[in-house]
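# Below are the sequence and a predicted model for it; my questions follow.
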Amino acid sequence: MRAREFIVESPEGKMTKRQRWSTRGVHRFKDADGRDRYYELNRVMMAVASADGVNPIDIPSASWAHNYDIAFPYTEEEAAMLRQAYDAVGSIHHDLNNGDMRSQEAPGGNPKSPIKGFRGYPR
């Protein structure tokens, strides 16, 4: 068996004439660094949702999680497990809540359920 029979390397494909005829308005895009296609797609679609095609859009090009994976530990034990794993793997990590694991209602939120209590379940 010759190498050319099982190694298939070809240049980037091109849209055929038939594909161009049957589709209109095809756009191809990626982030400037070419690193994270899913994140770029998410940001572009968020911008499209707030666009009207005429007026400028005021949206940051990146969120607070840009270029980072994110984890949300629910308990102190889980947070300690994550810190241990980050150190073992050599990940750069930041605790954005500075160790505060308390969850609080946002100011102005309604702390009472709008559902009427029933069968012994309080409201």
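Alright, I've got the coordinates.

# Spell out which residues make up each domain of this structure.
Using automatic domain parsing, the domain parsing of the chain gives 27-63, 68-96.

# which stretch of helix or strand covers the residue nearest to the spatial centre of the chain?
Nearest to the mean C-alpha position of the chain, counting by C-alpha atoms, centre = their mean, stands Y39 at 5.3 Å. Taking DSSP states H and E as the criterion, Y39 maps to helix 37-49.

# List the buried residues of that helix.
Using 16 or more other C-beta atoms under 10 Å as the burial criterion, the residues of helix 37-49 that qualify are E40, R43, V44. In this view, the C-beta of every residue, glycine as well, is placed from N, C-alpha and C.

# how far is that helix from where the chain is centred?
Taking the mean of its C-alpha atoms, helix 37-49 sits 9 Å from the chain's own mean (C-alpha atoms, centre = their mean, to the nearest Å).

# Stretch 45-60 too?
The mean C-alpha position of stretch 45-60 is separated from the chain mean by 18 Å, C-alpha atoms, centre = their mean.

# With stretch 29-42 instead?
Distance, centroid of stretch 29-42 to centroid of chain: 11 Å (C-alpha atoms, centre = their mean).

# Can you get me the start-to-end distance on that stretch?
Terminal residues of stretch 29-42 are spaced 12 Å apart (C-alpha to C-alpha, to the nearest Å).
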